[in-house]
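A.B. asks: predicted model and sequence below, questions to follow.
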Amino acid sequence: MKNVLAKLVLVSFALLSSACSKPQESAEPSSAESQVSSVAPVSSVTPTSSQTPSSAPAVVENQLSNSQGLVVKFNKTGAKIDSINFGSKKIAENGFTVGRCANRIANGKFTLGGTECNVTKNDGNHSLHGGGRQWSGTFANSNWTKVSQDASSIKFSFHSADKADGYPGNMDMTVTYSLNDKGDLSIEYSATSDKDTLCNPTNHLYMSLNGSTSYSGIKLWIDADNYTPLSNKLPTGDISPVAGTQFDYSSEKAFDSSKNYDDNYVLKANPSNECRKVATMTGSVAKVDAYTDRAGLQLYKENNGKICLETQQFPDAINHPNFLEYGTTILKAGETFKSKTIYHFELGEK
């Protein structure tokens, strides 16, 4: 009996020793342990709302850019496009916002609701781009308020007081620029007034698609069969065909830089009032397609290889009742003016 008790004591002691000993480091982990070891480290988990994913595009003050190499810089003065670069080449600049009413108003005078309005004359005896001290107008020379900016858009606002430059009504306008990876630079206007007034803004973007001062090889197409002839810079009120004139770009052709241009094209009808492609201009560095919901397009040639394609209602429309067929420049009190223009940029012909 004593021998049996002794053996039981020895077995118990051996079991206790085994339970307290350190496991061998060469032992294989269990399947559960293998699954735990494959979990990603804490540093790779999804960021919280206070963190910014590394893939999110950075917001650069007063600048928008895309993956195609387009860089657009802005300035609060005139809510303008300071410059557009495609890679290392500058292809556009000085795209300031003009208004209240783009282009010319004859003798700085019009009648609205039975009341004669006299607006500032800044182009000889006429008002140009809303009047003001300089030919480019008050909107272009004033500091706008930057309302907001994110990685793909920037928004500016401006308050034009009642009787400013002779225009009736307190007008509030916003301009929102957006840029996407397809190369679309969108310009959206919105405006309201507490009195009937005129509203016909545009962007006076100077484009040099060769990235230089040269017009060589520039090609142009405008979706218009007619234009509004001028007399002393003012519309005569006529609608005339472009066929057989220097203004005929109804099919794409080389831009005639020997001619001067500051002329309004009557774009083909747009019953849906939606943005549609109305012009294409191609240079060696860049190509641009212009889209708009407006009825007119001003072709303006500056020196040094610069060309403007300004979307608008017709010049001096308030003084030509027949132009109403193509759209009004009158903004009624309490209503909201909205318009959109898109400049689609891509690489040009090499």
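C.D. replies: That came in fine, so what should we check first?
A.B. asks: any regions of the protein where pLDDT drops low?
C.D. replies: Scanning the chain for pLDDT under 70 picks out 1-57, 350.
A.B. asks: how about the residue nearest to residue 222 when sequence neighbours are not counted, secondary structure?
C.D. replies: Nearest residue to residue 222, sequence neighbours excluded (C-beta to C-beta, 6 or more residues apart in numbering): residue 249, at 4.4 Å. The C-beta positions use only the backbone N, C-alpha and C, and glycine is treated the same way. At residue 249 the chain is in coil, as set by DSSP: H, G, I helix; E, B strand; the rest coil.
A.B. asks: hmm, residue 249 is touching residue 223, no?
C.D. replies: No. At 9.1 Å, residue 249 does not count as touching residue 223 under the criterion of C-beta atoms under 8 Å.
A.B. asks: so which of those two has more stuff around it?
C.D. replies: Neighbour comparison, residue 249 and residue 223: the larger count goes to residue 249, with 22 against 17 (by other C-beta atoms under 10 Å).
A.B. asks: which residues does the more buried one contact?
C.D. replies: 220-222, 224, 242 (C-beta atoms under 8 Å, 6 or more residues apart in numbering).
A.B. asks: buried sites along stretch 175-191?
C.D. replies: Within stretch 175-191, the residues scored as buried using 16 or more other C-beta atoms under 10 Å are 175-180, 183-191.
A.B. asks: closest to residue 238 out of those?
C.D. replies: residue 189 (28.3 Å; C-beta to C-beta).
A.B. asks: what residues does that closest one make contact with?
C.D. replies: Per C-beta under 8 Å, 6+ apart, neighbours of residue 189: 173-175, 201, 337-340.
A.B. asks: report how many residues lie close to residue 142.
C.D. replies: Each residue near residue 142 was counted by other C-beta under 10 Å, and the total is 17.
A.B. asks: what about it, distance to residue 339?
C.D. replies: 20 Å (C-beta to C-beta, to the nearest Å).
A.B. asks: tell me which two of the buried residues of stretch 175-191 sit farthest apart.
C.D. replies: 183 and 191 (27.2 Å).
A.B. asks: report the secondary structure state of residue 165.
C.D. replies: Assigned state for residue 165: helix (three-state reduction, three-state DSSP).
A.B. asks: that one reaches residue 121, doesn't it?
C.D. replies: No. Residue 165 is not in contact with residue 121 according to C-beta under 8 Å; the separation is 9.9 Å.
A.B. asks: dump the C-alpha coordinates for stretch 139-155 into CSV.
C.D. replies: Once non-C-alpha atoms are left out, stretch 139-155 reads as follows in CSV (Å, rounded to 0.1, in the frame of the first residue of the first chain):
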residue,chain,number,x,y,z
PHE,A,139,-17.3,94.1,-61.9
ALA,A,140,-13.9,93.5,-63.5
ASN,A,141,-12.2,96.1,-61.4
SER,A,142,-13.8,95.4,-58.0
ASN,A,143,-12.7,93.0,-55.3
TRP,A,144,-15.2,90.1,-55.0
THR,A,145,-15.7,88.0,-51.8
LYS,A,146,-14.4,84.4,-51.9
VAL,A,147,-17.4,82.4,-50.6
SER,A,148,-15.8,79.0,-50.6
GLN,A,149,-13.2,76.7,-52.1
ASP,A,150,-12.5,73.0,-52.2
ALA,A,151,-10.3,70.8,-54.4
SER,A,152,-12.5,71.1,-57.4
SER,A,153,-14.3,74.4,-57.2
ILE,A,154,-14.1,78.0,-56.1
LYS,A,155,-16.9,80.5,-55.6
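A.B. asks: that one: which residues count as buried?
C.D. replies: Buried residues in stretch 139-155 (16+ other C-beta under 10 Å): 139-142, 144, 146, 149, 152, 154-155.
A.B. asks: sorry, back to before: let me have the contacts of residue 249 in a markdown table, extended by neighbour count.
C.D. replies: Converted to a markdown table, the contacts of residue 249 look like this (neighbours: other C-beta atoms under 10 Å):
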| residue | neighbour count |
| --- | --- |
| 220 | 18 |
| 221 | 17 |
| 222 | 24 |
| 224 | 22 |
| 242 | 18 |
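A.B. asks: of those residues, which belong to strands?
C.D. replies: Secondary structure of the contacts of residue 249 is defined by DSSP state E; positions in strands are 220-222, 224.
A.B. asks: could those residues go into CSV alongside distance to residue 346?
C.D. replies: Converted to CSV, those look like this (distance: C-beta to C-beta, whole Å):
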residue, distance to residue 346
220, 16
221, 15
222, 19
224, 23
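A.B. asks: show me the two of these that sit farthest apart.
C.D. replies: Checking the ones in strands among the contacts of residue 249 with C-beta to C-beta, the most distant pair is 220 and 224, at 11.5 Å.
A.B. asks: could I get the contacts of residue 189 as CSV with secondary structure and distance to residue 231?
C.D. replies: Listed next are these as CSV, based on DSSP: H, G, I helix; E, B strand; the rest coil; distance: C-beta to C-beta, whole Å:
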residue, secondary structure, distance to residue 231
173, strand, 31
174, strand, 36
175, strand, 32
201, coil, 25
337, strand, 29
338, strand, 33
339, strand, 28
340, strand, 32
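A.B. asks: are any of those buried, and which?
C.D. replies: Taking 16+ other C-beta under 10 Å as the criterion, what is buried in the contacts of residue 189 is 173-175, 201, 337, 339-340.
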